[in-house]
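*Asks:* Make a model of this:
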Amino acid sequence: MLVVAARRPVRRAVVLVVTVLVAALAVTAVTALGALAAPVGASVAVDGGRFAGTARLPGCSGAVVRWPAALDADPAVVLTNGHCVRSPFLGAREVLVDERSRTPIELLDGRGEVALTTRAARLQYATMYRTDVALLTLRRTYADLAAAGVTPLSLAAAGPARGDRVRIPSGYWREQRGCRTAGTAYRLHEQRWDWWDSIRLPARGGGCAIRGGYSGSPIVARATGLVVGVANTAWVGGRRCVDSACEESRRGRVVVRRHMNYGQQTWWLLTCLDAGRTFDLDVPGCRLAKPRR
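*Replies:* Numbers count the residues shown, from 1 in each chain. As a prediction, the model looks like this:
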């Protein structure tokens, strides 16, 4: 079972939660995304100029993203993980669409300072099926954010190629990791969830050694500044496919890659836009899972 940091007001001290879903955890060790729970009393590092568009959610990170044809008057959108928006976590095939949300969110400027504190108005989309992604619609517009010094990020139209240099800025920690991607995993399995075409993020040598609170962080291509993915899980050892995610090849071979962390593709979101501005699961060619009828 995946475990995330405590749902707490974002201005309070960080508290590690290992009691989430106690009944399930009675027979299950803390797993990969348990490693992404924020540790107790951890310090916050601030690096100047790296955090434009990043966000801090309860126990997770995120990023303000702007659709290609969005207007300044449109409500701003925050991208994070599906596992960051509800406890207990979403089911293996569950999809949430257009639900109320009051998630508190801190939006950061380029230096990592809090530029604006707000709340989500709606949970536009969330799932842990095929990918691990959520979209939160804010009460503020892109014009409001610009006036506060918040600069949204844009999504790349394709995922990263093997060897691309990426950076992963965490709004939760206000720190950043960086590495070269190591291709993609055909299928990634963890407990009852499975994710497709997951981005490999090597952790050796410091690299993309993401930790608790990095869940939902944007994966940004250094060459373009565009978001190519969203970080969601980490290798922690233990039982394969249970305590750490395992990869399955096209031929069905299952392996666990030590010191390999992962992120999910974000270009899929662009396939679900109507004329580049409105998110709509019914757009022909939309890659994201729909709710069961």
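*Asks:* Next one: the most centrally placed residue in the chain, what pLDDT does it get?
*Replies:* The chain has residue 216 as the residue nearest its centroid, 2.1 Å off, counting by C-alpha atoms, centre = their mean. The per-residue pLDDT reported for residue 216 equals 98.
*Asks:* do the same with residue 83
*Replies:* For residue 83, the pLDDT comes out at 96.
*Asks:* how many neighbours does the residue lying closest to the residue nearest to the centre of the chain once chain neighbours are set aside have?
*Replies:* Nearest non-adjacent residue to residue 216, counting by C-beta to C-beta, 6 or more residues apart in numbering: residue 80, 3.4 Å away. Any C-beta I mention is one placed from the backbone N, CA and C, and that applies to glycine too. Using other C-beta atoms under 10 Å, residue 80 has 29 neighbouring residues.
*Asks:* and what of residue 140?
*Replies:* 20.
*Asks:* That one: which element?
*Replies:* Here residue 140 sits within strand 133-141, counting by DSSP states H and E.
*Asks:* Neighbouring strands of that strand in the sheet, and parallel or not?
*Replies:* strand 75-80 (antiparallel), strand 114-127 (antiparallel) (DSSP bridges).
*Asks:* what are the C-alpha coordinates of stretch 265-273, in CSV please?
*Replies:* Output of stretch 265-273 as CSV, limited to C-alpha atoms (Å, rounded to 0.1, in the frame of the first residue of the first chain):
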residue,chain,number,x,y,z
GLN,A,265,3.8,11.0,-18.7
THR,A,266,2.1,14.3,-18.9
TRP,A,267,1.6,14.8,-22.7
TRP,A,268,-1.4,12.5,-22.3
LEU,A,269,-3.2,15.5,-20.7
LEU,A,270,-2.9,17.4,-24.0
THR,A,271,-4.7,14.7,-25.8
CYS,A,272,-7.8,15.5,-23.8
LEU,A,273,-8.1,19.2,-24.6
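*Asks:* end-to-end on stretch 188-195?
*Replies:* 5 Å (C-alpha to C-alpha, to the nearest Å).
*Asks:* per-residue confidence averaged over it?
*Replies:* Here the average pLDDT along stretch 188-195 is 96.
*Asks:* and that stretch, how far out from the chain's middle?
*Replies:* Centroid displacement of stretch 188-195 relative to its chain, using C-alpha atoms, centre = their mean, to the nearest Å, is 16 Å.
*Asks:* again, but for stretch 195-207
*Replies:* 14 Å.
*Asks:* next one: stretch 249-262
*Replies:* Worked out by C-alpha atoms, centre = their mean, stretch 249-262 lies 20 Å from the chain centre.
*Asks:* can you check stretch 124-131 too?
*Replies:* Using C-alpha atoms, centre = their mean, the offset of stretch 124-131 from its chain centre is 11 Å.
*Asks:* Give the buried residues for stretch 116-133.
*Replies:* Neighbour-count burial for stretch 116-133, counted by 16 or more other C-beta atoms under 10 Å, picks out 116, 118, 120-133.
*Asks:* What of stretch 175-194?
*Replies:* Quick answer for stretch 175-194 (16+ other C-beta under 10 Å): 175-182, 184-185, 187-191, 193-194.
*Asks:* Pull up the distance across that stretch, start to finish.
*Replies:* 28 Å.
*Asks:* Just the closest of the buried residues of stretch 116-133 to residue 207, please.
*Replies:* Of all the buried residues of stretch 116-133, the one with the least separation from residue 207 (C-beta to C-beta) is residue 132, at 20.7 Å.
*Asks:* gap between that closest one and residue 55?
*Replies:* Counting by C-beta to C-beta, to the nearest Å, the gap from residue 132 to residue 55 is 17 Å.
*Asks:* The residue nearest to residue 216 against residue 214, yeah?
*Replies:* No - in this structure, residue 80 is not within contact of residue 214 by C-beta atoms under 8 Å, at 11.0 Å.
*Asks:* Now for the residue nearest to the centre of the chain: which residues touch it?
*Replies:* Residue 216 makes contact with 57, 60-63, 79-81, 84, 134, 230-232, according to C-beta atoms under 8 Å, 6 or more residues apart in numbering.
*Asks:* Distance to residue 261 and secondary structure added to these, as JSON lines?
*Replies:* Shown next, in JSON lines, are the contacts of residue 216 (distance: C-beta to C-beta, whole Å; DSSP: H, G, I helix; E, B strand; the rest coil):
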{"residue": "57", "distance to residue 261": "19", "secondary structure": "strand"}
{"residue": "60", "distance to residue 261": "15", "secondary structure": "strand"}
{"residue": "61", "distance to residue 261": "14", "secondary structure": "strand"}
{"residue": "62", "distance to residue 261": "18", "secondary structure": "strand"}
{"residue": "63", "distance to residue 261": "18", "secondary structure": "strand"}
{"residue": "79", "distance to residue 261": "18", "secondary structure": "strand"}
{"residue": "80", "distance to residue 261": "17", "secondary structure": "strand"}
{"residue": "81", "distance to residue 261": "13", "secondary structure": "coil"}
{"residue": "84", "distance to residue 261": "16", "secondary structure": "helix"}
{"residue": "134", "distance to residue 261": "19", "secondary structure": "strand"}
{"residue": "230", "distance to residue 261": "12", "secondary structure": "strand"}
{"residue": "231", "distance to residue 261": "7", "secondary structure": "strand"}
{"residue": "232", "distance to residue 261": "9", "secondary structure": "strand"}
